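**Student:** mind looking at a prediction? Sequence and model below.
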There are 4 protein chains.
Amino acid sequence: MSRFAGRSGPIRLGMVGGGKDAFIGAVHRIASRMDGEFELVAGALSSTPERARESGAALGLSPDRVYDDFEAMAKREARLKDGIEAVAIVTPNHLHFAPARAFLRRGIHVICDKPMTATAAEAKKLAGEAERSEALFVLTHNYSGYPMIRQARAMVEDGFIGRLRGVQVEYVQDWLASAVETQGSKQAEWRTDPARSGAGGALGDIGTHAFHLAGFVAGERPEAISCDLTSFVDGRKLDDDARVLMRYASGAKGGLWCSQVAPGNENRLTLRLYGDKGGLEWSHEAPEHLIATPLGEAPRLMTRATSGPAATDLQRVPPGHPEGYLEAFANLYREAAAAIRAKRAGEAPTGLLPTVADGLTGVRFVEACVDSASRDGKWTRLP
Amino acid sequence: MSRFAGRSGPIRLGMVGGGKDAFIGAVHRIASRMDGEFELVAGALSSTPERARESGAALGLSPDRVYDDFEAMAKREARLKDGIEAVAIVTPNHLHFAPARAFLRRGIHVICDKPMTATAAEAKKLAGEAERSEALFVLTHNYSGYPMIRQARAMVEDGFIGRLRGVQVEYVQDWLASAVETQGSKQAEWRTDPARSGAGGALGDIGTHAFHLAGFVAGERPEAISCDLTSFVDGRKLDDDARVLMRYASGAKGGLWCSQVAPGNENRLTLRLYGDKGGLEWSHEAPEHLIATPLGEAPRLMTRATSGPAATDLQRVPPGHPEGYLEAFANLYREAAAAIRAKRAGEAPTGLLPTVADGLTGVRFVEACVDSASRDGKWTRLP
Amino acid sequence: MSRFAGRSGPIRLGMVGGGKDAFIGAVHRIASRMDGEFELVAGALSSTPERARESGAALGLSPDRVYDDFEAMAKREARLKDGIEAVAIVTPNHLHFAPARAFLRRGIHVICDKPMTATAAEAKKLAGEAERSEALFVLTHNYSGYPMIRQARAMVEDGFIGRLRGVQVEYVQDWLASAVETQGSKQAEWRTDPARSGAGGALGDIGTHAFHLAGFVAGERPEAISCDLTSFVDGRKLDDDARVLMRYASGAKGGLWCSQVAPGNENRLTLRLYGDKGGLEWSHEAPEHLIATPLGEAPRLMTRATSGPAATDLQRVPPGHPEGYLEAFANLYREAAAAIRAKRAGEAPTGLLPTVADGLTGVRFVEACVDSASRDGKWTRLP
Amino acid sequence: MSRFAGRSGPIRLGMVGGGKDAFIGAVHRIASRMDGEFELVAGALSSTPERARESGAALGLSPDRVYDDFEAMAKREARLKDGIEAVAIVTPNHLHFAPARAFLRRGIHVICDKPMTATAAEAKKLAGEAERSEALFVLTHNYSGYPMIRQARAMVEDGFIGRLRGVQVEYVQDWLASAVETQGSKQAEWRTDPARSGAGGALGDIGTHAFHLAGFVAGERPEAISCDLTSFVDGRKLDDDARVLMRYASGAKGGLWCSQVAPGNENRLTLRLYGDKGGLEWSHEAPEHLIATPLGEAPRLMTRATSGPAATDLQRVPPGHPEGYLEAFANLYREAAAAIRAKRAGEAPTGLLPTVADGLTGVRFVEACVDSASRDGKWTRLP
């Protein structure tokens, strides 16, 4: 039973990380705000106290709810009568585990950015913590919140593509094509630093998104992978390009390619699934469309207008009014809110939110890829 | 000087219309919420008292801030110490004028849906009211809030297309292709009813958007139009298809086509501008792109990544993470908030928000089109 | 009965016009060659004798089959035992009528470029000549030869879109955006010269294509038009931009826009048809696709692979191997060959080839537009 | 010195294979005919004599130039005064080597379909034959004949993308998604039969095209590959899906995916190249476009209109009039004609025609992939 049983109204939210100039913290805040389900009331927004205070003031937080560190925040908020019910963790990867554990242990729901942790060892421990906690753990694989991705998933479940044969998933960017980490880009700095990112560069940052999305829609995950990793930019310690072949227990085959050095690509995440009866294609560049082809027939250019409830239950505006990244992200927050309300009511949360298990799988995928790459692409089983 | 001088924090917002099942009310609420600038605290949400109360409760409004009618709301809120500072008017067209006047007269800022009024006579009166009021009047021609539309506008200003020659603007839908107004669609009912919509059907509902957008980007508006109107669906009293030719004082020519009976189109709003030096193309179906062609060179597929501050100042997420309809709408709310804060500070509001003058022009455009159509397409001057 | 009854093998072809540097002559030659149905054996390729001889030599014509003028060619070829059976007329507009008449009167089949003539008076006379001749007259409205255009036409006939409501057709280019006719462009020179082109500039050059295509697919032609014409480039005597509204006897409405001054457009010919049951869209920039939307369903991205014989009977390579402009043009030549062979056999030619009646309608369309434009857009009946 | 020194006029062409119902034979014939450079005068069109005769008659060949087998044809044509100067070999893979050798040995130029042979052993022998022959050997990797592919190649040479980092090439189809080879498809029968196709299924049929194209444009070929092969359709003996990782000596990495079982794909051949300065993208579905992105700038949507002579020297119609598969194929024939004429004149042929060396590399690529796949994806060097 949740310690928040009986609460009503907006869910009080805290945030770890997300100070000024952070990218993903702002995204979480907008996403949490979009449906009026959450109210940001506390934060440990930066490891630099002054920056934390400035950021808190800019966000209109009460000064006594602005903390110097997550530990202090967890302790005090857990004791407050109107303390936070959930916390968003939006720090670099190596700073996910400790705060997540701290809040889970106090029964405060955790909404955590991906990849879940910097190492599989941490991920495994965190999975244990989540299991032992009465609180929820939600991982923001936000691309799974797109309506047409949900529609694709529902169609796969319904047998539209038949038996899965092929998976082609890509996440391609160009923002790391040169050594921007040495030229003042904070975002690039930690993402290219093994101490903060973990074993994977592009793999962890975007490869885990691609990997999760493919599994989310296909309903299957590979049992083994072979990987070739490259760091194209001189001096870069982590991969900025990863090419992965995948084998599924069902006999399906797949390819995953993620790169951060491919000029002309902003966030080109694409997913293609093929089975013996049909094919599905989705692209993040046109996220409101799903191209669905029954074998031998003309491709259907599906939108929410011609989708089922898997998609339309998530929409905020009618078809033809484009929804995008923030709405998809907010869909996870809305589902998290529903899950948290279910907890309040003593009910079992339902839904399709990415879990701690997904997080563990993602980090293991990264480490398996690094391992395979270090052994000249040897096929490596995913645990 | 605004009567709200000295206030700080989120702007207290009221809403007229927007009860359950309304479409545009929900859009305004999300848009107002996205950046944390507004707080919805009061509403006259429906003309049916019970419905108004239910809707207020569903939105978490305090019962004493839920009103049976806008007049009561205007009177009381104007007297409250923490009364609303702005009101969103999201009723059908014929119910814009009276509430707008009521709030303007009380110094409460008005954010009003389009078309501004049901008649040009009302529009002219409202323009006078706005002029006499210390409060702001903002018209939500939301498409002008898209970053790449702002970029297009800036490029036209900077001379990218040279001297304007051609304007092609379309807004095409299919949701009224059959007589859905007789089959229970509330949205269709009032939009096809002259008593509630005014003289224009598709013209008022979407034609005014197209007309505003073309002028917003081109920096010119036609001086005369010729129009052919049609009601394709049996029994429909207002146009569901309008074809308009346009002439500009500069010598440019244009075409505007809006239709609500064209199968395969959801909200296909497209704008193309051509000058003697270049061309620009934008489509609502891919709103993050702007195709810009210097005469004789290859088209550039521009995004926010390769745009200037006109676009990037509006963005909430990095390029490649698609923003859409709600973000564009929220951009107007964010600009309205800035203007309201300027008012608080006794400063002149700046920015590109559609004004009461735009509203008047839009309603006059509708009436000129209807007039031209009734005279077999006679070229008719826009006042 | 054709005077060529009993002939077999490739059809001997002559050409009027099409000397060096001509554009459309080369197209006709490739189109005639593609299926091995024609053999070019004679030509009056230029009005300059030396140029005619050089061009003939370059094409490998026997010197005695290279003529100084079409009259000489018509006379002699008609007497030769192995004289030409058909002639392609690829001269500027004002030089279509005389040669067409000369060959028709001698029973030689005529394949004529568009617009059919420079004036409606000539067009009417030519229609009479064609009626009196035993020879065929074929007008190369080549866009009607695209497989997916044929498919669209068949679908309209089969009721796919239901009752026609809207037609939107555009043909937009940018090659005349500046005064290239004064800078050495032969193609531009005659197309902007009323003495050689007739009353229409863009109207005649590309507007007639758009007009024909819309009628070909829709199965209906407008009964009245209203037109606004512009010459944007200083000193240009003919329109380089035409905006036309159209009314159909059935109640349908339409818009036609052609322009040669719109930067970023090469040969953007697009056709959209909407009825009460569905919509169809085709674009010359992706001519192998047809977007077909049954009202309320997802658009189908049709190709030849999912089309019927209307499209597939014309294909030379399997779907997915793009066919283009030359193949579409060659489809008319192949159909002309079939019609000529039918004539040889004393059978009635069948098929969808554009006729002298289409040519007359096209020239009348141009003149009606010019007339309407000169009377401030007065709605003008098409005879 | 060519034995055809002094000949002039069209090049007499023979054909081996290409009887009724063949696909690629008809393509070669149209391609050879398009520019009037070749004249088909002889053929060993089928291994079934009656079918050979029927096919010859249908093509208008003189009966004494229709042969029962290629050997007879090679012998007699070599002796005829007006014998063929070149031969097109359009048989299944296992029937390329013998005829190619026969004609090369007699000094008759060979234009051979791909893959060059069914085995690398044959390919190596053929390379020797070609070296010893005075005749030309041309391999029809037709995709290299697209103007925008040539433009891409020229831009890579000119340094547009800088140093190559990534190559992504795909050729994806769906026509073998079910067991059509058991249902009467002749095209499928031999392509899925190791005895006729060689070691590769999809690999040989389309993978070799993808492999050649990537190397043609990039100017580099991988030095090693790792491959995973699958036969998804029950009972199929050859791969219908191949996923290949590639490593280049320069440090670049690549992925090649070819599949014939991916519903919704007709002939989706796509090529993407990325370097440290820019990126290039081309798709066979829109072959007239090339997307070129300088790092940090907006993508350019290039066409022939904004390309250099590498593209425009190949065009037959102005930009905006789509050219396609047949024109690209014909470009190779036109270049072959130029090479043959150079031979006639005793000059060295120039140009970019795929050679016997390309053919050998392609067949070795197939065998390396099969070898790697059989050893669990072991990285395998390309000789």
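**Tutor:** Okay, I see it.
**Student:** which residues touch residue A:33?
**Tutor:** Neighbouring residues of residue A:33 by Cβ atoms under 8 Å, 6 or more residues apart in numbering or on different chains: A:40, B:33, B:34, B:35, B:36. The C-beta positions use only the backbone N, C-alpha and C, and glycine is treated the same way.
**Student:** which ones are touching the third one?
**Tutor:** Okay, so that is residue B:34. With Cβ under 8 Å, 6+ apart, residue B:34 has these contacts: A:30, A:33, A:34, A:326, B:316, B:326, B:327, B:330, B:333, B:334.
**Student:** could I get those residues as JSON lines with pLDDT and secondary structure?
**Tutor:** Output for those, formatted as JSON lines (pLDDT from 0 to 100; DSSP: H, G, I helix; E, B strand; the rest coil):
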{"residue": "A:30", "pLDDT": "97", "secondary structure": "helix"}
{"residue": "A:33", "pLDDT": "96", "secondary structure": "helix"}
{"residue": "A:34", "pLDDT": "96", "secondary structure": "coil"}
{"residue": "A:326", "pLDDT": "98", "secondary structure": "helix"}
{"residue": "B:316", "pLDDT": "97", "secondary structure": "coil"}
{"residue": "B:326", "pLDDT": "98", "secondary structure": "helix"}
{"residue": "B:327", "pLDDT": "98", "secondary structure": "helix"}
{"residue": "B:330", "pLDDT": "98", "secondary structure": "helix"}
{"residue": "B:333", "pLDDT": "98", "secondary structure": "helix"}
{"residue": "B:334", "pLDDT": "97", "secondary structure": "helix"}
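**Student:** and the strand or helix carrying residue A:255, anywhere near chain B?
**Tutor:** Using DSSP states H and E, residue A:255 maps to strand A:253-259. No - residues of strand A:253-259 contacting chain B under Cβ under 8 Å from any Cβ of the partner chain: none, with a closest distance of 13.5 Å.
**Student:** and for the following helix or strand past that strand, what's in contact with it?
**Tutor:** For strand A:253-259, the succeeding helix or strand toward the C-terminus, using DSSP H and E, is strand A:268-275. Identification of contacts with strand A:268-275 by Cβ under 8 Å, 6+ apart yields A:143, A:149, A:152, A:156, A:160-173, A:206, A:209-210, A:213-214, A:217-218, A:279-285, B:320, D:259, D:261-264.
**Student:** name only those of those residues that count as buried.
**Tutor:** A:143, A:149, A:152, A:156, A:160-162, A:164-173, A:206, A:209-210, A:213-214, A:217-218, A:279-285, B:320, D:259, D:261-264 (16 or more other Cβ atoms under 10 Å in any protein chain shown).
**Student:** just these: which are in helices?
**Tutor:** Cross-referencing those against helices under DSSP state H gives A:149, A:152, A:156, A:209, A:210, A:213, A:214, A:217, A:218.
**Student:** in TSV, list the contacts of residue B:34 along with distance to residue A:51.
**Tutor:** Shown next, in TSV, are the contacts of residue B:34 (distance: Cβ to Cβ, whole Å):
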residue	distance to residue A:51
A:30	21
A:33	22
A:34	26
A:326	25
B:316	21
B:326	30
B:327	27
B:330	27
B:333	29
B:334	24
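**Student:** tell me the contacts of the residue nearest the centre of chain A?
**Tutor:** By Cα atoms, centre = their mean, chain A has its centre lying nearest to residue A:141, at 2.1 Å. Counting by Cβ under 8 Å, 6+ apart, residue A:141 makes contact with A:114, A:208, A:209, A:212, A:213, A:216, A:332, A:354, A:358, A:362.
**Student:** neighbours around the second one, how many?
**Tutor:** Neighbouring residues of residue A:208 were enumerated by other Cβ atoms under 10 Å in any protein chain shown; the total is 27.
**Student:** near chain B, which residues of the stretch 251-383 of chain A are found?
**Tutor:** Residues of the stretch 251-383 of chain A lying near chain B (Cβ under 8 Å from any Cβ): A:265-268, A:284-287, A:303, A:305, A:316-327.
**Student:** list only buried entries from those.
**Tutor:** A:265-268, A:284-287, A:303, A:305, A:316-327.
**Student:** which residue is the nearest non-sequential neighbour of whatever residue of the stretch 101-250 of chain A ends up closest to chain B?
**Tutor:** Nearest to chain B in the stretch 101-250 of chain A, going by Cβ to the nearest Cβ, is residue A:173, at a distance of 7.2 Å. Leaving out its chain neighbours, the residue that sits closest to residue A:173 by Cβ to Cβ, 6 or more residues apart in numbering or on different chains is residue A:260, at 4.6 Å.
**Student:** ok, residue A:276 next?
**Tutor:** residue A:162 (4.2 Å).
**Student:** OK, contacts around that neighbour?
**Tutor:** By Cβ under 8 Å, 6+ apart, the neighbours of residue A:162 are A:275, A:276, A:277, A:278, A:295.
**Student:** go on, residue A:210?
**Tutor:** A:169, A:170, A:171, A:256, A:258, A:269, A:271.
**Student:** you'd agree residue A:43 is up against residue A:73?
**Tutor:** Yes - in this structure, residue A:43 is within contact of residue A:73 by Cβ atoms under 8 Å, at 7.4 Å.
**Student:** mutual contacts of these two, please.
**Tutor:** Going by Cβ under 8 Å, 6+ apart, residues that sit against residue A:43 and also against residue A:73 are A:14, A:16, A:67.
**Student:** is the first one in a helix, a strand, or coil?
**Tutor:** It refers to residue A:14. Of the three states, residue A:14 takes strand under DSSP: H, G, I helix; E, B strand; the rest coil.
**Student:** and it, how far from chain D?
**Tutor:** With the distance defined as Cβ to the nearest Cβ, to the nearest Å, residue A:14 ends up 38 Å from chain D.
**Student:** just the pLDDT for that residue.
**Tutor:** Residue A:14 carries a pLDDT score of 98 in this model.
**Student:** returning to that earlier point: out of the contacts of residue A:33, the closest to residue A:49 would be?
**Tutor:** Residue A:49 has its nearest neighbour among the contacts of residue A:33 in residue A:40, at 19.2 Å by Cβ to Cβ.
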